Every structure is written in structure tokens, then in C-alpha cells.
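Enquirer: Take this sequence and fold it.
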Amino acid sequence: MTKGEMTIREMCETFDVTPRTLRFYESKELLFPVREGQKRLFTRRDRARLKLILRGKRFGFSLEEIRQLLELYDIGDQQETQLRETLKAGQAHLRDLQNQRDELDEAISDLNDQIALVNNLIAGFDKKRA
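Expert: Numbering: from 1, shown residues only. Got it, this is the predicted structure:
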């Protein structure tokens, strides 16, 4: 093992993921660990990619979107294309999240109104009984 490489156990502990998750990302060609016999060794590049994968998943990107954005790293234009495409995708996801939040806020408000209405109806029944 060379300096800077991590075992699957170290990756799991560092990033709070399971070995199954790492193997899944490897099968989807998102991570490319070095093989030493049966052992997988993850490079600095793999660690950087995993950070981006986990962040992308948290923001709602699909694995395919993440894979496509990660592939742009190797174009050779000092990551200009990757940064521009990531920005564009990030802005679109932000709009989607804001729309979802607005819809949730409206649903919460409507549900609060309905709960208040039902509480008032029940209070009316209780007054009649008293």
C-alpha cells in the first residue's frame, strides 16, 4: 500500500458508508480502487470523487448525473467545462428544491388550517355536551 491509499475499512470509517456502498459505486464506475489481490485500495482521487458523490446525492442528483459530471474532469480544460456544467445542474436542482419547499409550505399551511377546523368542530361538540 502506497502513501495516500485507504482500505475499504478506512473509507467506510472516514465517510460513514458501508462496504456495500463502495462496491456499488465501483460497479457503477464512479470509483476506481487499485486492486492488490482481493484487497481494494482507494486513492486520493477516489476519496475526492466519493466526497462529490455523497454531496451530489444529498443535493438530489442522480448517480448518472454525478457520473457524467465526474467524467468531465478528464476533458483537459482545467475543469472549466466540469465547473460550468456542475453550476448549471446545481442551479436546476436548487430551483427544484425551492419549488418542493414551496409546495411543502403550502401543504403544511393547508393541513394546519384543516386541523384547526376539526379542533373547532370537536370543541363545539364538547360545548353541547357540557
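Enquirer: At the geometric centre of this structure, which residue sits there?
Expert: Geometric centre of the chain, nearest residue: Lys57, 1.6 Å, by C-alpha atoms, centre = their mean.
Enquirer: Looks like it contacts Glu65 (just checking).
Expert: No: in this structure Lys57 lies outside contact range of Glu65 using C-beta atoms under 8 Å: 10.0 Å. C-beta coordinates here come from the backbone N, C-alpha and C atoms, glycine included.
Enquirer: Do me a favour and average the pLDDT over the longest helix anywhere in the chain.
Expert: Of all segments of type helix in the chain, defined using DSSP state H, the longest is helix 80-129. Averaging pLDDT along helix 80-129 gives 95.
Enquirer: How about stretch 6-25?
Expert: Rounded mean pLDDT across stretch 6-25 is 96.
Enquirer: list the helices and strands the longest helix of the chain packs on?
Expert: In terms of contacts (3 or more C-beta pairs under 8 Å, 6 or more residues apart in numbering; DSSP states H and E), helix 80-129 is packed against helix 63-71.
Enquirer: For the helix it packs on, buried residues please.
Expert: Glu65, Ile66, Arg67, Leu69, Leu70 (16 or more other C-beta atoms under 10 Å).
Enquirer: And the residue nearest to the fourth one when sequence neighbours are not counted, how far from Phe125?
Expert: Residue nearest to Leu69 in three dimensions, not counting chain neighbours: Thr86, with 5.3 Å by C-beta to C-beta, 6 or more residues apart in numbering. Distance, Thr86 to Phe125, by C-beta to C-beta, to the nearest Å: 57 Å.
Enquirer: quick one: which of the two has more around it?
Expert: Neighbour totals were compared for Thr86 and Phe125, and Thr86 leads with 19 against 9 (other C-beta atoms under 10 Å).
Enquirer: The more buried one and Gly56, how far apart?
Expert: Distance of Thr86 to Gly56, computed by C-beta to C-beta: 9 Å.
Enquirer: Overlap in contacts, these two.
Expert: Leu69 (C-beta atoms under 8 Å, 6 or more residues apart in numbering).
Enquirer: hang on, the earlier thing: now the buried residues of helix 63-71 in CSV, with pLDDT?
Expert: Conversion of the buried residues of helix 63-71 to CSV gives the following (pLDDT from 0 to 100):
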residue, pLDDT
Glu65, 95
Ile66, 96
Arg67, 94
Leu69, 95
Leu70, 94
